[in-house]
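In: Build the 3D model from these lines:
(chains A, B, C and D)
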Protein chains: 2
Amino acid sequence: MASDTCIRLLADPIQINQCKSMLSENQESFNRISEALSLAGNEVRLKILYLLSVEKQLCPCDLSDILGMTIPAVSQHLRKLKDGRVIEGRRVGQTIFYSLRQDHLELLKPLFSHIQPTLSV
Amino acid sequence: MASDTCIRLLADPIQINQCKSMLSENQESFNRISEALSLAGNEVRLKILYLLSVEKQLCPCDLSDILGMTIPAVSQHLRKLKDGRVIEGRRVGQTIFYSLRQDHLELLKPLFSHIQPTLSV
DNA sequence: TTCTTATTTAAGCAATTGCTTAAATATTTA
DNA sequence: TAAATATTTAAGCAATTGCTTAAATAAGAA
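Out: Model prediction:
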């Protein structure tokens, strides 16, 4: 690592240190947000999240039909989203209805507005 | 796949088809946005993006110092961000200054507001 | 209880990710 | 020109991702 370090004089050591402390002060945020974004950063999961924001609730079976993929594939995405506290499931008989949680909704909602710019209702 | 399909009667076929066409109409958006989010969905890259939003421009060398990682590691993240048209580089002598591009800035800016809620300037 | 349906879980595997180290490419300075 | 600095690129590799298929759970219907 030492051999890769730049020896430049241009850098402002005060600026560098301010940046460093900013990072460590907000470590929690960076971790939490990057985790949420990595969940939404998969095309299938982004579709699921958007579908849930429009339809309020959907079961794995619906999502399998809509997305055109196998149930286990969908189920594994749902599990990740559930583990990340982005969605939650509610059991009604055999079927489990998934819906968005409040937790990260503030973070994700603005993203959805970029999806259907020509939405006419 | 057929054997995995649900046979349920609950589902509203009209709703399913509406969802399907919504997806195909916005395929482009889902692809573009999920790609941008997957870039920001890495903790190191999210930090780089936020640092650039604050400091306006930084070189790989600065970022290496700030992030505490090797130059090549930083450089490879910068390449991904550049390929994804999220940042751009401007060469000044030996050093290359990276900065945010306008392209996805509208998408990313709202995310940054969740990072330093207690920012006192 | 047995059968069917809805869902999850697990194992396997190819593809991707993100680092490491070493080498290559630019640019400036001596 | 040669030497030093800043950056990129490439190869290698462990870890992760996202699918597949098959099996395990869970709940309703016969």
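
In: Which secondary structure state is assigned to A:Asp103?
Out: The local conformation at A:Asp103, judged by DSSP: H, G, I helix; E, B strand; the rest coil, is coil.

In: residues in contact with the nearest residue to it once chain neighbours are set aside?
Out: Of all residues not flanking A:Asp103 in the chain, A:Arg85 sits nearest, at 4.8 Å (C-beta to C-beta, 6 or more residues apart in numbering or on different chains). From N, CA and C alone the C-beta is placed, and that goes for glycine too. Neighbouring residues of A:Arg85 by C-beta atoms under 8 Å, 6 or more residues apart in numbering or on different chains: A:Arg101, A:Asp103, A:His104.

In: For those, pick the one with the most neighbours.
Out: A:His104 (23 neighbours; other C-beta atoms under 10 Å in any protein chain shown).

In: Relative to A:Leu58, how far out is that residue?
Out: Distance, A:His104 to A:Leu58, using C-beta to C-beta, to the nearest Å: 18 Å.

In: can you check A:Val86 too?
Out: 14 Å.

In: A:Ser64 too?
Out: Distance from A:Ser64 to A:Leu58, by C-beta to C-beta: 10 Å.

In: so A:Ile96 sits right up against A:Ile87, yeah?
Out: No - judged on C-beta atoms under 8 Å, A:Ile96 makes no contact with A:Ile87 at a distance of 10.8 Å.

In: Assign A:Ser99 to helix, strand or coil.
Out: A:Ser99 is classified as strand under three-state DSSP.

In: Could you tell me the backbone phi and psi angles at the closest residue to it other than its chain neighbours?
Out: Leaving aside its sequence neighbours, A:Ser99 sits nearest to A:Gln57 (C-beta to C-beta, 6+ apart; 4.4 Å). Per-residue torsions, A:Gln57: phi -150, psi 140 (degrees, to the nearest 10).

In: Tell me who's in contact with A:Gln57.
Out: Contacts of A:Gln57 (C-beta under 8 Å, 6+ apart): A:Arg90, A:Phe97, A:Tyr98, A:Ser99.

In: Distance from stretch A:29-43 to the middle of the chain?
Out: 4 Å (C-alpha atoms, centre = their mean, to the nearest Å).

In: Please see if that stretch touches DNA strand C.
Out: No - Stretch A:29-43 stays out of contact with DNA strand C when judged by C-beta under 7 Å from any atom of the strand, the minimum separation being 7.6 Å.

In: Check which residues of that stretch are buried.
Out: A:29-30, A:32-43 (16 or more other C-beta atoms under 10 Å in any protein chain shown).

In: so which of these comes closest to A:Ile14?
Out: A:Phe30 (21.9 Å; C-beta to C-beta).

In: tell me the mean pLDDT over the helix or strand hosting the closest one?
Out: A:Phe30 belongs to helix A:27-40 when assigned by DSSP states H and E. For helix A:27-40, the mean per-residue pLDDT is 97.

In: Much appreciated, bye for now.
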